[in-house]
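Colleague: this is a predicted model, with the sequence first.
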Amino acid sequence: MKEKIFLYYTSDLHSHFENWPQIVGYFNQRKKLHHINEESFWLLDNGDHVDRFHPLTEGLMGKGNVELLNEAGYSFANLGNNEGITLSYDDLYSLYDKADFEIVCANLHSQKTAQPHWLKPYKVVQSKHGVKIGVIGLTAPFETFYRLLGWSIDSPFDVLDQLLEEVQGQADIIVLLSHLGMYDDEEIAKRYRGIDVIIGGHTHHLFQNGEITNESILTAVGKHGTHLGEVLIEWDHGTQSITNKEAYAVPTENMKKDNIVIKQVEDKRRHAVEHLQTPLASIEQPLKIAWFKETPLMKQFTEEMQNWTDADLAMLNSGVLLDHIHSGEITLEDIHRICPHPMNPCKVELFGDELLEVIRVAHTKKFTEIRLKGLGFRGEVIGKMVFSGVEIETEEGSDGEIHVRDVRMNGKAIDKKRAYSLGTADTFTFGRLFPEIAYAKNKKYYMPELLRDVLAQSLRSSCKEERSTHF
């Protein structure tokens with residue numbers, strides 16, 4: 001006898017709930033069919049379902065996402081870095097307290113107390129006809145960030161070295177939920193025998209029809225719910241082996257939306273926004289933003305970053321502010337709307353010659369017009385870089401470029417051999433935007449605070465100053 005086993009999955013939704021009603025609607029249709037045919041199936045999420053850019057997630061600190069997974073009938077979920085390192089320790093520790101599904105993540109451990117009751121390294125389930133499926137979860141090892149938040153994170157390869165044989169002893173089929181990225185998935189498939197399916201994520205790659213590497217089929221669905229994943233495994237009970245594996249990324253764009261799910265999302269969003277009505281400050285005049293000009297709002301935000309990080313100077317890109325601030329009362333909802341990015345304040349140490357190169361590059365037209373995607377940034381363009389704690393003299397060339405002529409701190413020229421501390425957004429410590437910052441040896445991240453916490457403090461401070469001038 002041959003038995004067909006079905007897996008359906010999402011990965012890297014990043015709280016893009018506009019695609020959620022059709023995803024769940026499709027799953028519901030497939031469930032009905034499998035129930036009629038008496039076939040085994042499971043729904044899985046591979047992490048980064050949570051993203052604090054969305055008010056539903058921000059207002060309920062991810063618990064609304066968990067409720068949606070419950071209502072959709074999920075069986076398993078893995079942790080992504082957005083669940084793992086954009087929430088405080090307490091918020092993550094309690095995130096899945098009411099989950100109706102299994103959470104598998106084998107390389108995350110609490111440093112403060114016992115493991116959360118919901119966190120398991122793997123789980124073995126059984127099909128209708130007795131086939132045992134072992135599901136393991138692994139997430140990207142952002143060691144520095146997890147440590148600052150009170151967690152430890154192990155190398156996924158070290159974990160598989162120790163764990164895989166144990167799971168193989170209990171399961172006929174091994175499924176890996178991997179929030180590690182495409183290259184690690186490929187390396188795992190090459191290095192380890194017996195992992196039948198690797199459901200990938202984190203790097204937002206898309207495998208339309210699955211990719212076979214050694215004994216594993218690799219599958220991935222990109223990001224934001226534009227695709228959902230389907231995996232078919234055929235098991236031969238006579239030979240006790242897999243006879244066929246197929247994996248597909250199915251576009252969701254033209255799928256019918258489920259009206260019940262639309263209402264679930266709307267209700268949760270409304271409830272979340274109620275939690276964001278806490279007043280923070282009140283201003284008499286509106287504050288405008290401009291992505292390619294320095295505004296008073298952006299200047300005071302950057303000055304607060306310098307104070308927050310106790311740095312020699314600070315820089316922030318104007319593109320982090322996405323909307324104007326109206327006059328009157330300012331709430332948490334306003335701050336979130338204006339600055340939704342899950343980005344942390346940080347401080348890096350640069351030598352003077354490195355700092356001068358960062359300042360030079362930051363003023364180029366090419367840099368300010370970069371349409372940045374990812375690295376925590378949820379805006380459109382980088383925009384003009386605004387500085388505090390340093391005096392920068394520039395001139396516009398005949399080519400329209402801004403050229404830095406002189407840089408001084410407290411009236412003195414920058415010493416190329418001296419170390420300076422720079423407060424900025426953690427985005428610039430990743431990737432290739434500023435190699436000098438990315439490769440700096442000394443970095444300090446401020447967690448779990450986000451950029452919007454610094455913005456809120458700058459507005460509170462400016463309101464106090466305004467009030468004091470009236471007396």
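Modeller: Received the coordinates, thanks.
Colleague: residue 224 falls within a strand, correct?
Modeller: No - counting by DSSP: H, G, I helix; E, B strand; the rest coil, residue 224 falls outside a strand, being coil.
Colleague: can you pull the contacts of it?
Modeller: 12, 13, 14, 16, 19 (Cβ atoms under 8 Å, 6 or more residues apart in numbering). (Each C-beta comes from the backbone N, C-alpha and C, glycine too.)
Colleague: now render these as JSON lines, adding pLDDT.
Modeller: Shown next, in JSON lines, are those (pLDDT from 0 to 100):
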{"residue": "12", "pLDDT": "98"}
{"residue": "13", "pLDDT": "98"}
{"residue": "14", "pLDDT": "97"}
{"residue": "16", "pLDDT": "97"}
{"residue": "19", "pLDDT": "96"}
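Colleague: between the residues you listed, which is nearest residue 136?
Modeller: The closest of the contacts of residue 224 to residue 136 turns out to be residue 12 (Cβ to Cβ; 18.6 Å).
Colleague: mind listing what the residue lying closest to residue 200 once chain neighbours are set aside touches?
Modeller: The shortest distance from residue 200 to any non-neighbouring residue, by Cβ to Cβ, 6 or more residues apart in numbering, is to residue 220 (4.0 Å). Residue 220 is in contact with 11, 182, 185, 199, 200, 201, 205, 206, 207, 229, 249, counting by Cβ under 8 Å, 6+ apart.
Colleague: picking up where we left off before, can you list the contacts of residue 224 in TSV and add distance to residue 282, neighbour count and secondary structure?
Modeller: Converted to TSV, these look like this (distance: Cβ to Cβ, whole Å; neighbours: other Cβ atoms under 10 Å; DSSP: H, G, I helix; E, B strand; the rest coil):
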residue	distance to residue 282	neighbour count	secondary structure
12	38	27	coil
13	36	30	coil
14	33	23	coil
16	33	16	coil
19	37	19	helix
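Colleague: can you tell me which of those is nearest residue 346?
Modeller: For the contacts of residue 224, the nearest to residue 346 is residue 14 (21.8 Å; Cβ to Cβ).
Colleague: ok, now which ones touch the closest one?
Modeller: Contacts here follow Cβ under 8 Å, 6+ apart; on that basis residue 14 touches 48, 49, 51, 53, 82, 223, 224.
Colleague: try residue 424
Modeller: Contacts for residue 424 (Cβ under 8 Å, 6+ apart) come out as 305, 314, 315, 316, 345, 346, 347, 348, 437.
Colleague: repeat for residue 347
Modeller: Residue 347 sits next to 309, 310, 311, 421, 422, 423, 424, 443, 444, 446 when contact means Cβ under 8 Å, 6+ apart.
Colleague: now the nearest residue to the fourth one once chain neighbours are set aside. Its backbone dihedrals?
Modeller: Residue nearest to residue 421 in three dimensions, not counting chain neighbours: residue 311, with 4.3 Å by Cβ to Cβ, 6+ apart. Phi and psi for residue 311, reported as degrees, to the nearest 10, are phi -110, psi 160.
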